[in-house]
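> Give me a 3D structure for the following:
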Amino acid sequence: MNAREGTMKRINVAWTFVILVLVIVFVTGGCGPKRVQLVSQAAPLKVTVLFFNDIHGYLLPFHMKNDRGEKVEVGGIARMAHLIKEIRSENRRRGIPTLVLVAGDILQGTPMSTVFKGKPDVEIFNRIGVDVMTVGNHEFDFGFENFLTLKDMARFPMISSNIVLRDTGQRLCPASAEFELGDHIKLTVVGATTQELLVSTTPANVVKVDVMDSVETVAGIYDRAKDRGPVILLSHNRHQTDRAIAEAVPGLLAVIAGHDQILFSPHREAARVPIFEAFEKGKYLGRLDIEIDRKSRKGRICAWNYIPVSADIPLDPEIGDWVAGYASRLDDKFKEVIGHSEAFLDGERERIRYEETNLGNFIADILREYTSADIALINAGTLRASIDQGPVTVENVFNAMPYPNEIVTVKLSGRDLMEVLNRSVRGSREDEDGGFMHVSGIRITISGRRITEVVVGAERVPLNPERIYTVGITEFIATGGDGYEIFKDKPQILTGLPLRELLVDTIRARKTIAAKKEGRIVRR
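Numbers count the residues shown, from 1 in each chain. Here you go, the predicted model:
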C-alpha cells in the first residue's frame, strides 16, 4: 500500500466514525430531552421564604431615631407589600415558589389596631398573600371571640401546636401547615406560642384556653413530618424556649421567631439550627433562600438576609390605598394636639423594660395622684412606644399606651409589696421583661436580681413589712397579669376609669409635660 492509499484509508475510517456517532445521536435523539430532564430532576428544588413578626398594628409608616439620633421614616405594610410582590415576580420567572410567613402578634399598638381590632391587618394579609401565621399572645387582646373572628376572616392558616381548649384538650388551631413543592416533597411549617399568653393579656380573654409545653408539641409534629421534607418552626416564644426546642429537635431546618422583638443579625443558633427574627413593627422583611435535595428530601439554607423597609421603597398602590382608607376612618380626635412635651419621653423597649425612664415616671405619678395611693406601680409591658419632644396628640398617647387598662387600688402589706418588687426585677436586660415595674411614691435599690432597699414617700422612710399600703395598679396586674398572682386575692377597688383616658385628660389639662428621671430605681 502506497502512502496515498494509507492516507485515504485513515480518512475513510475517520468519516465512518463520524457517521456512526451521528447515527447514534439521530437514533437516540428521543433520549436527548430525557437526559436533560434527568439532570433537571437531579437538581435541587428551590423555595424562598419571606417573614416578619410583631407588627403590632403598625400598618402605616412611622418615625424612629436611627443610630445617629436622626429621625427617619420606616415601615409601612404597603412598602412591605411592594417588596413581596417584587420578589414573588422574580421567583415566578425562575420557577421558584415564594412563601410568606408571619411569626405572630399582629395586634395591639396603634389607634388603628385599637379601633378596628385587627381586621385591617388580616384583610391586608389576605391581599398580600400571606401563606401562614403563628398565633402570638397579643392576638387575644381584644377578647377570645374577636380572635375567632379574625381566624375565620383569614384566607391563610393561623397555626399553633400548643394552644388547646381547656374544656376538651383539643387544639384551638391547626398545629402546622404543609406546602407541596413537587416530587412528593413538602415543606412543613410548625407553629408554637409562648406560655406567657396566659399572663400577658387580660385573664378573662384566655379563660377558655391552655398552653402546652411547646418543646413536646413541636417534637411530635416534627417526627410525623420529617420524612416528607424539611420542617421550619414558626415560633412566637422567648429565645430561650426557641433554643430548647432546637436542642430537642435538631433536625429543624430553621426557627423563624417572634415575641422578643429583636433583629437576629447575624442569626443565632442552637444545636446547629439557625434562628432568625426580623425585629418588630414591619421595620424589616426577612428572607431565606432554600434548596432541597430531591432524593434525601433534606433542605439547606443557601442565603439569608433582612431587607430594611425604608422610606426609599415604593408603596404598593393597592395596599397603600387600602390602608389609607382605614386611616381616614379613624376619628379626628386622634389628631388633636393635647399638649407639649419638653423632652423625649422614653418608652424604648430595651430601656423601659429594665430601667427607670421619664415616661415610666410620668405615668406612674399620674396613677398615684389620681388614686391618692401611697404607691403606684405600672408594668413596662403596658408602655409600647416613646413620645417625641414637641406637640403631643391623642394618637401619640394611644401608641405609647395601646391598652385601656382600668385603674385599680389594692391593699398590700409591706411584706407583700417586697415580694411584688422582687418579681419586678427578676429579669435581665436581655429578657426585656414586660413585668418590670415603674414606680411612684417609693425608691428602690437593686443588687443583681434582688431588692436591697425600699424607701417610701418624700421622707424616704424604710418600707415597713407589717404596715398596710394603698397601691395604685392597673386591672391587668390586679387580675394576675405578668405573673403577679399575689394581687388576685387582695382587697381591691375598681375605679371604672381607663388609665389611658386619664393620661389624655391629664396632658390636656396640664398642657406641658416636664418628666425626667429622678433616681427612683437604682441598680448596684
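
> Can you spell out the domain ranges of the chain, please?
Domain segmentation of the chain under automatic domain parsing yields 42-327, 333-523.

> and these as CSV, adding mean neighbour count?
Heads up, the C-betas are built off the backbone N, CA and C, glycines and all. Putting those into CSV (neighbours: other Cβ atoms under 10 Å) gives the following:
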stretch, mean neighbour count
domain 42-327, 20
domain 333-523, 19
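
> mind giving me a markdown table with these and columns for mean pLDDT?
Listed next are the domains of the chain as a markdown table, based on pLDDT from 0 to 100:
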| stretch | mean pLDDT |
| --- | --- |
| domain 42-327 | 95 |
| domain 333-523 | 94 |
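
> how about the helices of the stretch 1-150 of the chain, start to end?
Secondary structure of the stretch 1-150 of the chain (DSSP state H, counting those that start in this stretch): helices at 3-27, 31-42, 77-93, 111-116, 119-128, 144-153.

> Residues touching the fifth one, excluding its own?
Residues outside helix 119-128 that contact it (Cβ atoms under 8 Å, 6 or more residues apart in numbering) are 55, 57, 59, 77, 80-81, 84, 100, 102, 106-107, 112-113, 133, 149-150, 153-156, 318-319, 322-323, 326.

> What angle do helix 77-93 and it make with each other?
20 degrees (axes from the mean of the first three to the mean of the last three Cα atoms, to 10 degrees).

> Put the alpha carbons of helix 119-128 into PDB.
Extracted C-alpha coordinates of helix 119-128, given in PDB (Å, rounded to 0.1, in the frame of the first residue of the first chain):
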ATOM      1  CA  LYS A 119     -59.400  43.500  61.000                       C
ATOM      2  CA  PRO A 120     -57.300  45.800  58.700                       C
ATOM      3  CA  ASP A 121     -54.300  43.600  59.400                       C
ATOM      4  CA  VAL A 122     -56.000  40.400  58.400                       C
ATOM      5  CA  GLU A 123     -57.700  41.900  55.300                       C
ATOM      6  CA  ILE A 124     -54.300  43.200  54.100                       C
ATOM      7  CA  PHE A 125     -52.500  40.000  54.800                       C
ATOM      8  CA  ASN A 126     -55.200  38.300  52.700                       C
ATOM      9  CA  ARG A 127     -54.500  40.700  49.800                       C
ATOM     10  CA  ILE A 128     -50.700  40.400  50.100                       C
END
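
> For Glu291, give me its contacts.
When contacts are counted by Cβ under 8 Å, 6+ apart, Glu291 is found next to 44-46, 299-300, 302.

> Ok, Arg443 next?
The contact partners of Arg443, by Cβ under 8 Å, 6+ apart, come to 454-455, 460, 519-522.

> quick one: which of these sit in strands?
Residues of those located in strands (DSSP state E): 454-455, 521-522.

> where exactly do the strands run in the stretch 251-400 of the chain?
254-258, 268-270, 273-277, 284-292, 299-308, 337-341, 375-379, 390-393 (DSSP state E, counting those that start in this stretch).

> Please apply the same query to the stretch 101-250 of the chain.
Counting by DSSP E, counting those that start in this stretch, the stretch 101-250 of the chain has strands at residues 132-134, 158-159, 163-165, 176-182, 185-193, 209-211, 231-236.

> Out of these, which gets nearest to Thr495?
Thr495 lies closest to strand 209-211 among the strands of the stretch 101-250 of the chain, at 28.9 Å (Cβ to Cβ).

> Distance across stretch 179-191, terminal residue to terminal residue?
By Cα to Cα, to the nearest Å, the extent of stretch 179-191 from end to end equals 14 Å.

> Not counting its own residues, what contacts that stretch?
The contact list for stretch 179-191 (Cβ under 8 Å, 6+ apart) reads 41, 45, 47, 97, 99, 101, 131-132, 134-135, 158-161, 173-178, 218, 221-222, 225, 228-236, 290, 292, 294, 297, 299.

> so how far is that stretch off the chain centroid?
For stretch 179-191, the distance from its own C-alpha centre to the chain's C-alpha centre is 24 Å (Cα atoms, centre = their mean, to the nearest Å).

> going forward can the numbers begin at 55, since that is how I track them
Done: numbering now begins at 55, and the last item shifts to stretch 233-245.

> Return the closest of the contacts of Arg497 with respect to Lys387.
Set against Lys387, the nearest of the contacts of Arg497 by Cβ to Cβ is Arg574 (32.6 Å).

> and the closest one, what is it in contact with?
So Arg574 contacts 410, 415, 492-494, 496-498 (Cβ under 8 Å, 6+ apart).

> how close does it sit to Gly283?
54 Å (Cβ to Cβ, to the nearest Å).

> and what of Asn216?
Separation of Asn216 from Gly283 (Cβ to Cβ): 22 Å.

> How about Gly163?
The value you get for Gly163 to Gly283, if Cβ to Cβ is used, is 35 Å.

> what does Glu193 give?
In terms of Cβ to Cβ, Glu193 sits 28 Å off from Gly283.

> quick one, what contacts the residue positioned nearest the centre of the chain?
Taking Cα atoms, centre = their mean, the centroid of the chain lies closest to Asp108, which sits 2.6 Å from it. Contact analysis of Asp108 by Cβ under 8 Å, 6+ apart lists 157-159, 190, 312-313, 315, 333-335.

> Pairing partners for the closest residue to Arg422 other than its chain neighbours in the sheet, please.
Nearest residue to Arg422, sequence neighbours excluded (Cβ to Cβ, 6 or more residues apart in numbering): Ala430, at 3.5 Å. Taking DSSP bridges as the rule, Ala430 bridges to Ser494, Gly526.

> Surely Ala430 and Ser494 touch.
Yes. Counting by Cβ atoms under 8 Å, Ala430 touches Ser494, with 4.2 Å between them.

> Touching both of the two, which residues are there?
Applying Cβ under 8 Å, 6+ apart, one finds that Ala430 and Ser494 are jointly contacted by 418-419, 421-422, 526.

> pLDDT wise, what is Gln82 at?
Check again: residue 82 is Thr, not Gln. Per-residue confidence (pLDDT) for Thr82: 38.

> where does Phe416 sit relative to Lys280, distance-wise?
From Phe416 across to Lys280, the span is 52 Å (Cβ to Cβ).

> actually Ile417, not the one I wrote
Applying Cβ to Cβ to Ile417 and Lys280 gives a distance of 49 Å.

> How about Glu409?
To Lys280, Glu409 is 44 Å away according to Cβ to Cβ.

> Also Glu555?
For Glu555, the distance to Lys280 - Cβ to Cβ - is 52 Å.

> Tell me what Ile567 is bridged to.
Bridge pairing for Ile567 (DSSP bridges) gives the partners Ser395.

> My guess is it contacts Gly393. True?
Yes. Ile567 is in contact with Gly393 according to Cβ under 8 Å; the separation is 6.1 Å.

> who touches both of those two?
Counting by Cβ under 8 Å, 6+ apart, the contacts common to Ile567 and Gly393 are 446, 561.

> so which of the strands of the stretch 155-304 of the chain gets nearest Lys544?
Among these, the nearest to Lys544 by Cβ to Cβ is strand 263-265 (25.2 Å).

> For the closest one, name the packing helices and strands.
Judged by 3 or more Cβ pairs under 8 Å, 6 or more residues apart in numbering; DSSP states H and E, the packing partners of strand 263-265 are strand 217-219, helix 251-254.

> Just checking: what are the partner strands of that strand?
Strand 263-265 has these strand partners (DSSP bridges): strand 217-219 (antiparallel).
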